[in-house]
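K.L.:
sequence first, then the predicted structure:
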There are 2 protein chains.
Amino acid sequence: MASQPLRKTNGKMSRIQTENRALIAQAALDVFSTDGYRGATLDRIAERAGMSKTNLLYYFRTKEDVYATVIEQTIEEWLQPFADIDPHGDPIEEIRKYISIKLAMSADKPEASKLFANEIQRGAPLMGKFLRTRLKALVDEKTTVIRSWIDAGKLAPIDPHHLIFMIWAVTQHYADFDTQVDALLGSATKKPGFQEQVGQAVLSVMLNGIKPRDRAGG
Amino acid sequence: MASQPLRKTNGKMSRIQTENRALIAQAALDVFSTDGYRGATLDRIAERAGMSKTNLLYYFRTKEDVYATVIEQTIEEWLQPFADIDPHGDPIEEIRKYISIKLAMSADKPEASKLFANEIQRGAPLMGKFLRTRLKALVDEKTTVIRSWIDAGKLAPIDPHHLIFMIWAVTQHYADFDTQVDALLGSATKKPGFQEQVGQAVLSVMLNGIKPRDRAGG
DNA sequence: AAAAAACTTGACTGCTTGGTCAAATATGGA
DNA sequence: TCCATATTTGACCAAGCAGTCAAGTTTTTT
């Protein structure tokens, strides 16, 4: 017999299995994030992982299985900084920290951001349930925190949901649209200080935009 | 003979040709914007346009031809409000207007925004040249304007490029990520006042974020 | 009312690609 | 060492899809 693949009946994976699944996941992240789900091919992923397509399919039942695995592996890490926003911290400082970390992640691992962007733009066929349950719960939790900050006068009165969307939009823009950013800024994006420049500009606008105001807000 | 298609040697199109090309373009916009270039199929576009695939291919040589046509038709309209930013207007007011219009467009025609997002995330194989030439020229022009506003003390000192990116990111987010926005806000997105609510939140943050400040900017 | 030109379509072709199969080959424990 | 099991792969299959062809059907022109 050949293909009774994947996980012995107990949960343990062999050394080779662990290694290869990791190789495949990394290759798949690269390919899915640039080509999208439909644009990606198993051949390309397998090639990038240094093995035959058949072997890849020994470790993952289907293309969708690979895709789902990659998404699940990435999602927690991606969400961590958001979950880490501290209700008891200083509001402006917490948000400053969150924006900074998100910007750094977008610069370091644009693949993750692109992967999610792609999935959501397809209508989130796979992440839909996650969005409506876990993410929504987390967002609801944080909107409550933000609202309490506003009520305490430590933040300008902005609808918390939209504030979160704005932060996501701006921070992920530099990952998802890097092609456009590169095209418009030329070589500037590769110079050493670029990340700091982005951070400075974004933080300057966002933090001044949410600072508590006495009255007559725009 | 059957297929000496497309445009008589003079440039004029027949009534049927005009109608059908428009039908196809609209259908193609819908399909490309949700499924992406690779995800879209000519069969689906043809079906949506109410004709056979063969007939669609009578009006457009290839799939890429359809795609390019749709992009070109959409791009000018999409860019107009940016081009309309008036160097002689009041800076805050000009930017307020621009953000408002972009938000309205994202709400009215999310397809256009999604189409471009998709194209750029693929690495802009088709729009690349446009980005590096025409769009770059336009952006350079507007950054100069913004810089002059800053020098005149009418705007906080923000790198103009990043300011533009931020505005694009935020305004297009509501189109590109509508699936996520819907999932997180539930039915709220369909209620009458929703657009105004978005506008208020975004404008409140952005405009206060770029208002001239005396010193010690965040 | 013909004839020409424009339009429309079903059947078909060739290629890509997700997934299967059966036959090796490597690995690890007794 | 020898065997059972895990790993790996080339050959193959079927579906999906862009694009062609030749045979109509409709519209326009004269």
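P.N.:
Okay, I see it. Residues are numbered from 1 along each chain as shown, chains lettered A, B, ... in the order given.
K.L.:
alpha carbons only for contacts and neighbour counts from here, please
P.N.:
OK.
K.L.:
which element is the nearest residue to A:Ala83 once chain neighbours are set aside on?
P.N.:
Once flanking residues are discounted, A:Ala83 sits nearest to A:Leu138: 7.2 Å by C-alpha to C-alpha, 6 or more residues apart in numbering or on different chains. Using DSSP states H and E, A:Leu138 maps to helix A:136-151.
K.L.:
check A:Ala27 too.
P.N.:
Judged by DSSP H and E, A:Ala27 forms part of helix A:15-39.
K.L.:
what mean pLDDT does that helix get?
P.N.:
Averaging pLDDT along helix A:15-39 gives 95.
K.L.:
what sits up against that helix?
P.N.:
Residues outside helix A:15-39 that contact it (C-alpha atoms under 8 Å, 6 or more residues apart in numbering or on different chains): A:40, A:44-46, A:48-49, A:56, A:59, A:66-67, A:69-70, A:111-112, A:114-115, A:118-119, B:38-39, B:121-123.
K.L.:
am I right that the residue nearest to A:Ala83 is in contact with A:Pro81?
P.N.:
No - assessed by C-alpha atoms under 8 Å, A:Leu138 is found out of contact with A:Pro81, at 11.8 Å.
K.L.:
may I have the predicted confidence score for the closest residue to A:Phe60 other than its chain neighbours?
P.N.:
Once flanking residues are discounted, A:Phe60 sits nearest to A:Val66: 6.0 Å by C-alpha to C-alpha, 6+ apart. In this model, A:Val66 is scored at 98, pLDDT.
K.L.:
who touches A:Val66 in this structure?
P.N.:
By C-alpha under 8 Å, 6+ apart, the residues touching A:Val66 are A:Ala25, A:Ala28, A:Phe60.
K.L.:
okay, now the first one: neighbour count?
P.N.:
By other C-alpha atoms under 10 Å in any protein chain shown, the residues close to A:Ala25 number 20.
K.L.:
now the second one
P.N.:
Residues within reach of A:Ala28, counting by other C-alpha under 10 Å, total 26.
K.L.:
distance of it from A:Tyr37?
P.N.:
Per C-alpha to C-alpha, to the nearest Å, A:Ala28 is found 10 Å from A:Tyr37.
K.L.:
check which residues of the helix or strand that A:Met105 is a member of are buried.
P.N.:
Element membership of A:Met105 [criterion: DSSP H and E] is helix A:91-108. Neighbour counts over helix A:91-108 (16 or more other C-alpha atoms under 10 Å in any protein chain shown) mark A:91-92, A:94-107 as buried.
K.L.:
for the residues you listed, which one is nearest A:Lys154?
P.N.:
A:Pro91 (6.8 Å; C-alpha to C-alpha).
K.L.:
that older thread, between the next helix or strand after the helix holding A:Met105 and helix A:15-39, how many degrees?
P.N.:
As assigned by DSSP H and E, the chain's next helix or strand after helix A:91-108 is helix A:110-121. Counting by axes from the mean of the first three to the mean of the last three C-alpha atoms, to 10 degrees, helix A:110-121 lies at 50 degrees to helix A:15-39.
K.L.:
other SSEs contacting helix A:110-121?
P.N.:
Applying 3 or more C-alpha pairs under 8 Å, 6 or more residues apart in numbering or on different chains; DSSP states H and E, we find helix A:110-121 packed against helix A:15-39, helix A:63-83, helix A:160-176, helix B:110-121, helix B:178-185.
K.L.:
distance to A:Asn208 for those - can I get that in a markdown table?
P.N.:
Output for the helices and strands packed on helix A:110-121, formatted as a markdown table (distance: least, C-alpha to C-alpha, whole Å):
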| stretch | distance to A:Asn208 |
| --- | --- |
| helix A:15-39 | 33 |
| helix A:63-83 | 20 |
| helix A:160-176 | 13 |
| helix B:110-121 | 28 |
| helix B:178-185 | 25 |
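K.L.:
now the ones you listed in JSON lines, with distance to DNA strand D?
P.N.:
Supplementary listing: those in JSON lines, determined by distance: least, C-alpha to the nearest atom of the strand, whole Å:
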{"stretch": "helix A:15-39", "distance to DNA strand D": "4"}
{"stretch": "helix A:63-83", "distance to DNA strand D": "14"}
{"stretch": "helix A:160-176", "distance to DNA strand D": "25"}
{"stretch": "helix B:110-121", "distance to DNA strand D": "16"}
{"stretch": "helix B:178-185", "distance to DNA strand D": "22"}
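K.L.:
which of those sits closest to B:Thr74?
P.N.:
Among those, the nearest to B:Thr74 by C-alpha to C-alpha is helix B:110-121 (6.6 Å).
K.L.:
contacting residues around the closest one?
P.N.:
A:34, A:114, A:118, A:121, A:176-177, A:179-180, B:29-30, B:32-34, B:36-37, B:71, B:74, B:78, B:106, B:125-127, B:172, B:175-176.
K.L.:
distance from the chain centre to stretch A:47-54, please.
P.N.:
Centroid separation for stretch A:47-54 versus its chain: 26 Å, with C-alpha atoms, centre = their mean, to the nearest Å.
K.L.:
kindly export that stretch (C-alpha atoms) in CSV.
P.N.:
Listed next in CSV are the C-alpha coordinates belonging to stretch A:47-54 (Å, rounded to 0.1, in the frame of the first residue of the first chain):
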residue,chain,number,x,y,z
GLU,A,47,8.7,23.2,-6.4
ARG,A,48,9.3,26.0,-3.9
ALA,A,49,9.3,23.5,-1.1
GLY,A,50,11.7,21.3,-3.0
MET,A,51,9.6,18.3,-3.6
SER,A,52,7.2,16.7,-6.1
LYS,A,53,3.6,17.7,-6.2
THR,A,54,2.7,14.1,-5.4
